[in-house]
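Novice: Build me a structure from this.
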Amino acid sequence: MKLEVIVNNGIEAIQAEALGADRLELVSAINEGGLTPSYGTIKQVLNSVSIPVQVMIRPHSYHFCYSNNDMEIICADIEQLLDLGGNRIVFGALTEDNKVDTTILEKVITIDSSLDITFHRAFDETASLTDAYRTLNNYKNVKRVLTSGGAANCDNGKEMLKKLVEMEADLNGPKIMPGSGLTPYNIKEIHDAVQADNYHFGKAVRIDNDFKYGFDKASMEQIKQIVKG
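Specialist: Here you go, the predicted structure:
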């Protein structure tokens with residue numbers, strides 16, 4: 001079972017790895033839901049840890065419908081990551097009618113066939129989560145889907161999360177990774193209901209539940225005991 005946590009820089013990445021995180025999501029501007037980090041930050045983190053690092057590729061926080069201008073930035077940022085030796089991204093794009101934008105997704109995938117993609121919580125804004133999942137299942141580069149089951153948090157979305165995990169098993173599709181509102185206090189109940197094997201944590205593993213501070217060792221240990229048995 002995999003435990004992924006959000007980090008903003010190299011110091012946090014080192015801390016997270018030392019505390020037992022299996023994978024990192026590297027972002028900037030976490031208060032805007034996470035945007036593409038700088039070249040220097042990406043380089044620092046990739047050189048600081050040995051665990052996988054998924055880099056957020058998101059040029060702005062306005063919406064997930066991207067223009068040609070946005071796509072120029074997105075493609076350049078991915079090429080920059082590849083130049084640094086990384087190939088793991090967190091990305092999502094939607095059409096104006098809230099479906100997975102397959103045209104944009106395919107354009108991203110053609111940049112490099114080795115790309116390892118986590119489709120982020122744009123997924124939760126799709127008109128039909130099950131249809132969106134079937135669409136993403138057509139792309140072998142999409143390895144994970146970060147989702148709260150279409151709800152404000154994983155607790156409210158756990159019935160849909162369970163359904164999506166069942167679809168994952170039936171289709172041998174991308175891993176469903178619950179994220180949003182997970183805490184050391186609700187993870188057991190949610191895991192018992194959902195039975196995912198990837199979980200994503202943000203501020204719940206920080207001191208005082210605040211990204212301004214470092215990781216809370218006790219919270220990380222508590223979550224590891226539950227998620228990893």
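
Novice: Please work out which residues outside the helix or strand of the chain with the lowest mean pLDDT touch it.
Specialist: Sorting the helices and strands of the chain by mean pLDDT, DSSP states H and E puts helix 217-228 at the bottom, at a mean of 92. Where contact means Cβ atoms under 8 Å, 6 or more residues apart in numbering, the residues beyond helix 217-228 that reach it are 1, 3, 19-21, 184, 187-188, 191, 199, 201, 204-206. Glycine gets a C-beta too; all of them are placed from N, C-alpha and C.

Novice: Show me where the chain has its helices.
Specialist: 10-18, 39-46, 68-83, 102-111, 129-136, 158-171, 187-194, 217-228 (DSSP state H).

Novice: Need those helices in TSV (columns: distance to Ile57 and mean neighbour count).
Specialist: Conversion of the helices of the chain to TSV gives the following (distance: least, Cβ to Cβ, whole Å; neighbours: other Cβ atoms under 10 Å):
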stretch	distance to Ile57	mean neighbour count
helix 10-18	18	18
helix 39-46	11	18
helix 68-83	6	16
helix 102-111	8	16
helix 129-136	16	19
helix 158-171	23	17
helix 187-194	27	17
helix 217-228	26	17
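
Novice: Adding distance to Gln54, write those helices out as CSV.
Specialist: Putting those into CSV (distance: least, Cβ to Cβ, whole Å) gives the following:
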stretch, distance to Gln54
helix 10-18, 12
helix 39-46, 11
helix 68-83, 10
helix 102-111, 14
helix 129-136, 16
helix 158-171, 18
helix 187-194, 20
helix 217-228, 18
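
Novice: Quick one: closest of these to Phe119.
Specialist: Nearest to Phe119 among these is helix 129-136 (5.6 Å), distances taken as Cβ to Cβ.

Novice: and the closest one, what does it pack onto?
Specialist: With contacts defined as 3 or more Cβ pairs under 8 Å, 6 or more residues apart in numbering; DSSP states H and E, the packing partners of helix 129-136 are strand 142-147, helix 158-171.

Novice: one more time with 10 Å
Specialist: Packing partners of helix 129-136 (3 or more Cβ pairs under 10 Å, 6 or more residues apart in numbering; DSSP states H and E): helix 102-111, strand 116-119, strand 142-147, helix 158-171.

Novice: Residues in contact with that helix: which ones?
Specialist: 92, 94, 98-102, 105, 117, 119, 122-126, 128, 142-145, 147, 149-150, 157, 160-161, 163-164, 167-168, 171, 173-174, 176 (Cβ atoms under 10 Å, 6 or more residues apart in numbering).

Novice: For Tyr213, give me its contacts.
Specialist: So Tyr213 contacts Lys203, Arg206, Ile207 (Cβ under 10 Å, 6+ apart).

Novice: Ok, which of the helices and strands packed on helix 129-136 comes nearest Gly86?
Specialist: strand 116-119 (9.4 Å).
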